[in-house]
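J.: starting from these lines, generate the structure:
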Amino acid sequence: MKTPRARGRFRVPEEPYKINERITAREVRLVGDNVEPGVFEIGKARAMAEAQSLDLVEIAPTATPPVCKIVDYSKFKYEQKKKQKEIKAKAQKVVIKEIRFGPNTDDHDFDFKLKHAMNFLKEGSKVKAYVHFVGRTIVFKERGVDLLNRFSDALSEYGKVEMEPKLEGKRMTIILAPLPPKK
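T.: Got it, this is the predicted structure:
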């Protein structure tokens, strides 16, 4: 009986920061809470970190000389991950709601879809409205442009046009973004 072979080798993720002996610069600028700021030779900086039982971490490798901090590396990594999570949580997620029309959409259907679009824009979502041309209805392109322009004009107090009506294949599309809240 054959034993399954490992498909790939496990790779250890590379550390994002250089620490202690991995720092190659001759001189470094030290910053931090428990150290006097200044430019020191790498040996002296490592000795200062070792004396405090902490790590020397290179936080700005592109600076001249590179900027280092004396901290507990595992705690430093944890705080960096925490900051990244906070930034990600604060980032706004853009939601795009789609509304479909035909080139011969009736007034009642238009009004019904217009109300939905108003609600979407009030919520803060973007609205992508499109006219789908089926078969020979592609000859009525001007009807599609008129319909989408009428749609954007009716929603002018709730949102602004982000992308003018544009024909892509059998779809003519317009995108509306919500207006910023009034103060």
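J.: just the helices in the protein please.
T.: Using DSSP state H, the helices of the chain run over 42-51, 73-90, 107-123, 141-154.
J.: nearest to residue 160, out of those?
T.: Proximity to residue 160 (CB to CB) singles out helix 141-154 among the helices of the chain, at 8.7 Å. Every residue, glycine included, has its C-beta placed from N, CA and C.
J.: low-confidence stretches in this protein?
T.: Applying pLDDT under 70 to the chain flags residues 1-13, 182-183.
J.: got the domain ranges for it?
T.: The chain is divided into the following domains under automatic domain parsing: 20-85, 96-178.
J.: and the last one, how far apart are its ends?
T.: Domain 96-178 stretches 11 Å from its first residue to its last (CA to CA, to the nearest Å).
J.: picking that back up, for the helices of the chain, give me CSV that also has mean neighbour count and distance to residue 163.
T.: Shown next, in CSV, are the helices of the chain (neighbours: other CB atoms under 10 Å; distance: least, CB to CB, whole Å):
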stretch, mean neighbour count, distance to residue 163
helix 42-51, 16, 54
helix 73-90, 11, 27
helix 107-123, 14, 15
helix 141-154, 17, 10
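J.: export the ones you listed to TSV and tack on distance to residue 31?
T.: Putting the helices of the chain into TSV (distance: least, CB to CB, whole Å) gives the following:
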stretch	distance to residue 31
helix 42-51	11
helix 73-90	13
helix 107-123	45
helix 141-154	53
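J.: with respect to residue 63, which of those helices lies nearest?
T.: It is, among the helices of the chain and with distance given as CB to CB, helix 42-51, at 14.3 Å.
J.: show me what that closest one is packed against.
T.: Here helix 42-51 touches strand 27-31, strand 55-60, strand 67-71, going by 3 or more CB pairs under 8 Å, 6 or more residues apart in numbering; DSSP states H and E.
J.: next, count neighbours for residue 158.
T.: 16 (other CB atoms under 10 Å).
J.: what's the nearest residue to it if we skip its chain neighbours?
T.: Nearest in space to residue 158, with sequence neighbours left out and distances taken as CB to CB, 6 or more residues apart in numbering, is residue 121 at 4.1 Å.
J.: measure that neighbour to residue 161 for me?
T.: 12 Å (CB to CB, to the nearest Å).
J.: need the overlap of contacts for the two.
T.: In terms of CB atoms under 8 Å, 6 or more residues apart in numbering, residue 121 and residue 161 are both contacted by the residues residue 176.
J.: with distance to residue 14 added, can I get the domains of the chain in a markdown table?
T.: A markdown table is the format used below for the domains of the chain (distance: least, CB to CB, whole Å):
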| stretch | distance to residue 14 |
| --- | --- |
| domain 20-85 | 11 |
| domain 96-178 | 36 |
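J.: the residue nearest to residue 158 against residue 178, yeah?
T.: Yes. Using CB atoms under 8 Å, residue 121 makes contact with residue 178 at a distance of 4.5 Å.
J.: cool, thanks, signing off.
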